[in-house]
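>>> Please find the sequence and the predicted model below.
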Amino acid sequence: MKVTLFEQAPYRYLPDNFEKEHDSVCNTPYSLTTLDGVYSSIRDFMDELMTGARAGFDGLAVTEHGQSSYDMMPNPDLAASALAYMTEAEGLNVAIFPMGRSLGKAREPVRVAEEYALIDVLSGGRLVAGFPIGLHYDASINNGIPPIEIRPRFDENLELLLRAWQEQEPFVHNGRFIQYPEVNIWPRPLQNPPPVWITGIGNPRTMQMCLERNFGFNYLSWFGAKLTGKRIFDRFWDLADQVGVPRNPHRLGFLQTIAVAETDERAEQEYAKHLEYGFRKGLGSIPPQLLGLPGGIDIRGVQALVKDPGDFGLYYQMRSASFKDLVDAGVVICGSPATVREQTRDFCQQYGIGTLHAMLGFGSLPRDLAMKNIQLFAEEVAPYLRDLWADSEYPHHWWPQRLGGDPTPVTPGATATEGSPAGANGHAQSTRTAVAAR
Amino acid sequence: MTTLQQGPEITEETIPVWNGKLNIRVKVAGAGAPLLYLHPAAGLAWDPFLSHLAESYTVYAPEFPGTSVGDPYAIHAIDHLSDVVLLYEEIVRTLGLRKPVVVGQSFGGMLAAELASAFTELASRVVLLDPIGLWRDDHPVANWIATPPDKLPGLLFHDPGSPAAKAMLQMPEDADLAAAATAGLVWSFGSTGKFAWPVPDRGLRSRLYRLNAPVLLVWGRDDKLISSAYVEDWQHELSDSQAVVINDCGHIPQVEKLSETVAAVDRFLGNSPSAGA
């Protein structure tokens, strides 16, 4: 089992009454910040990630969110490139995992290909390339993409990016959304190509694409894994059976917010208010309509979600969620090393999860507590998780070779868009990628 | 008068256009000279206003690609507003409509103006009900697509509690039907939003001078989606226009103030004034 340290870069000093006074963390007035607050939020975030690298985590994972106070990370590649160089210079064999640049948002897909390629070179081949389809408010409000074009754009951009990484000769790209007279990026990734992961929240079409095209699939459990985990992971593995690929746990990543202290009592005492800050002033303060803009979710998906909003778990109550609510729903796991070990291992074992993204910095958590959380987790929890799939017959096809992975090529398969005219039967038109790989 | 309550017989035609890639559904009712009705962003809903028009005209109401029940992915067949305009000209031609009156509401108003600006001989007269399509920084158009559902009635109506407003917003009681209706409405916003997001300004202002048919603008004085201040912009660009601004009325005058709307439209079209009294 691989264990990454996942962090976001929230502004850590919002006022206590923020979620009562403000509608959204997606249009937070910048006047609420101080220069010191912004600097230390970002500086501590980077220091915490480096602490994780030195403490032996298998990967460092970051995300992209524009114009938001809960993750001041408009381009995760900026942080990832700094981490790539720092870890390479220190000789730390850790995966650099931007989760990453949204391709439904990107208006400059070749630049995304270039950034990732450079990170792979800077890190000596340790990039794991994440591509979320795109949060609606981020793609559509922050970047002006019509919601109904997010998925078609993702499809075009992903094909273009994979080709740009691998094609030996310069080529012309004549797409629906973007045209380039010449694509011939320098540098190209050291890996051929880096492993590709897609992040999703449960849309079966996204899962199907990952399974057919040999991408890893990340599920971020912020909605509460005890509420959503079974339905999401059962759906994923049922689809794997339908697609006809093995139930290889390494293809499935899972993010869990975790807080660990010497004892259960002390963990609650130290972390509860920062966890409440993290979710009330984070996900809980993203208005629902911004996560589901009309056209961004397939019509059948909307119909299913209206009848059964279960995939959203605790989300609708999150703005006022107590520590207990967060624990009960599985939004967080908080306790002693033994408590965290047991709950995390059981959950990953039960649902066939091969990569755990441990979110150990959150909300207003101050630097010293974040460092403690990271160290304790690295020393007292992670070692008890790593052997989870040691007896598995399956190799890890979605991890860099330099870090012990056995990557295999991207394959043709379903696109992210239902009813897309992009290719026959909604399948990606270009099989060139698969042919060219390795 | 009676048709306002009872309504005419409505038939539906499906016409293949766009080189066979699209099958556009058109609701047809009434008798007389042709009238093309272009629906708003939420999709086509047959209402008493259309029933009234069908007393004097043969009303043709095509459904925008993606908004027809059972054919949601038609929206993926068309990518550019210029293609939408060509598509609607083809619909008019395929239906055999000669010099129709063109009526458009909100998003449909923008389409009507684009169509009549591009094909200057197409329309005999044009009626625009609170059309979108222009932009002023001092009167930004509300983003109806990103508006949460519970705020939409207040955005669309001067009095969201009025019976007409409530009837329009009424959802089916059956849970399955309500879910399908919600999904259809949301997808219609998404499909039409392809040509209105992120800012509903695709450069129409520079093309409006071409629109040479007589135009009637009907606007709710209290329109919170797009201010009635835009009336002067339209009139400034159009060569032959008149405007009626209706008091105590929001974005959908033909629903919120039906009598005033039909009176203004009848007067402009030269129909019997008694029909809408």
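Received it, and whenever you're ready, just let me know what you need.
>>> residue ranges for the strands of the stretch 1-150 of chain A, please.
A:2-6, A:59-62, A:95-98, A:129-130 (DSSP state E, counting those that start in this stretch).
>>> Next: the stretch 1-150 of chain B.
Counting by DSSP E, counting those that start in this stretch, the stretch 1-150 of chain B has strands at residues B:10-17, B:22-30, B:33-38, B:57-62, B:101-105, B:125-129.
>>> re earlier: could I get the strands of the stretch 1-150 of chain A as CSV with mean neighbour count, mean pLDDT and distance to A:Thr87?
Backbone N, C-alpha and C define where each C-beta goes, glycine included. Output for the strands of the stretch 1-150 of chain A, formatted as CSV (neighbours: other Cβ atoms under 10 Å in any protein chain shown; pLDDT from 0 to 100; distance: least, Cβ to Cβ, whole Å):
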stretch, mean neighbour count, mean pLDDT, distance to A:Thr87
strand A:2-6, 27, 98, 12
strand A:59-62, 27, 98, 8
strand A:95-98, 30, 98, 7
strand A:129-130, 28, 98, 17
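>>> Kindly reformat the ones you listed as CSV and extend each row with distance to A:Leu78.
Shown next, in CSV, are these (distance: least, Cβ to Cβ, whole Å):
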stretch, distance to A:Leu78
strand A:2-6, 17
strand A:59-62, 9
strand A:95-98, 10
strand A:129-130, 15
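>>> Quick one: closest of the strands of the stretch 1-150 of chain B to chain A.
strand B:22-30 (11.2 Å; Cβ to the nearest Cβ).
>>> In that closest one, which of the residues would be classed as buried?
Within strand B:22-30, the residues that count as buried by 16 or more other Cβ atoms under 10 Å in any protein chain shown are B:22, B:24-30.
>>> Max pairwise distance over the residues you listed: which two?
Across these, no pair lies farther apart than B:Leu22 and B:Gly30, at 24.9 Å, counting by Cβ to Cβ.
>>> Now mean pLDDT and distance to A:Thr415 too, for the strands of the stretch 1-150 of chain B, in JSON lines please.
Below are these laid out as JSON lines (pLDDT from 0 to 100; distance: least, Cβ to Cβ, whole Å):
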{"stretch": "strand B:10-17", "mean pLDDT": "98", "distance to A:Thr415": "26"}
{"stretch": "strand B:22-30", "mean pLDDT": "98", "distance to A:Thr415": "21"}
{"stretch": "strand B:33-38", "mean pLDDT": "98", "distance to A:Thr415": "32"}
{"stretch": "strand B:57-62", "mean pLDDT": "98", "distance to A:Thr415": "29"}
{"stretch": "strand B:101-105", "mean pLDDT": "98", "distance to A:Thr415": "34"}
{"stretch": "strand B:125-129", "mean pLDDT": "98", "distance to A:Thr415": "39"}
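>>> Compare these and report which one is nearest to A:Arg341.
With Cβ to Cβ, the closest approach to A:Arg341 among the strands of the stretch 1-150 of chain B belongs to strand B:22-30: 58.0 Å.
>>> Is the closest one in proximity to chain A?
No: against chain A, strand B:22-30 shows no contacts by Cβ under 8 Å from any Cβ of the partner chain, the least distance being 11.2 Å.
>>> So which other helices or strands are in contact with that strand?
Packing partners of strand B:22-30 (3 or more Cβ pairs under 8 Å, 6 or more residues apart in numbering or on different chains; DSSP states H and E): strand B:10-17, helix B:48-56, strand B:57-62, helix B:81-95.
>>> For the residue positioned nearest the centre of chain B, list the residues it contacts.
In chain B, the C-alpha nearest the mean C-alpha coordinate belongs to B:Gln105, at 2.6 Å (Cα atoms, centre = their mean). Counting by Cβ atoms under 8 Å, 6 or more residues apart in numbering or on different chains, B:Gln105 touches B:38-40, B:129-131, B:252, B:254.
>>> Name the nearest residue to whatever residue of the stretch 151-277 of chain B ends up closest to chain A, sequence neighbours excluded.
At 2.0 Å from chain A, B:Gly190 is the closest residue in the stretch 151-277 of chain B, using Cβ to the nearest Cβ. Once flanking residues are discounted, B:Gly190 sits nearest to A:Gly295: 2.0 Å by Cβ to Cβ, 6 or more residues apart in numbering or on different chains.
>>> That neighbour in helix, strand or coil?
Assigned by DSSP: H, G, I helix; E, B strand; the rest coil, the conformation of A:Gly295 is coil.
>>> Show me what from the stretch 51-200 of chain B comes close to chain A.
Residues of the stretch 51-200 of chain B lying near chain A by Cβ under 8 Å from any Cβ: B:66, B:72-73, B:75-77, B:79, B:145-149, B:175-176, B:178-180, B:182-184, B:186-191, B:193-194, B:197-199.
>>> about what we covered before: residues near the residue nearest to B:Gly190, how many?
29 (other Cβ atoms under 10 Å in any protein chain shown).
>>> How about the contacts made by it?
For A:Gly295, the contact set (Cβ under 8 Å, 6+ apart) comprises A:146-149, B:145, B:186-187, B:189-191, B:193-194.
>>> List just the nearest of these to B:Thr58.
Nearest to B:Thr58 among the contacts of A:Gly295, with distances taken as Cβ to Cβ, is B:Ser191, at 26.2 Å.
>>> Low-confidence regions, the chain specifically.
Since no chain was named, I'll use chain A. A:421-438 (pLDDT under 70).
>>> that's the wrong chain, I wanted chain B
The model of chain B has pLDDT under 70 over residues B:1-6, B:272-277.
>>> rewinding a little: of the contacts of B:Gln105, which pair is most distant in space?
Farthest apart among the contacts of B:Gln105 by Cβ to Cβ are B:Leu38 and B:Ile252. That separation is 14.2 Å.
>>> Name the nearest residue to residue 195, sequence neighbours excluded.
You didn't say which chain, so I picked chain A. Among residues not flanking A:Pro195 along the chain, A:Trp398 sits closest, at 4.5 Å (Cβ to Cβ, 6+ apart).
>>> Oops, wrong one, chain B.
Closest residue to B:Phe195 apart from its sequence neighbours, by Cβ to Cβ, 6+ apart: B:Leu81 at 5.0 Å.
>>> re the thing from before, how deep is the residue of the stretch 151-277 of chain B closest to chain A tucked in, by neighbour count?
For B:Gly190, using other Cβ under 10 Å, the count is 28.
>>> which outside residues touch the host helix or strand of it?
Assigned by DSSP states H and E, B:Gly190 falls within helix B:175-193. Here helix B:175-193 makes contact (Cβ under 8 Å, 6+ apart) with A:146-148, A:293-297, A:299-300, A:302-303, A:306-307, B:40-43, B:64-67, B:69, B:72, B:75, B:107, B:144-145, B:171-172.
>>> Alright, calling it a day.
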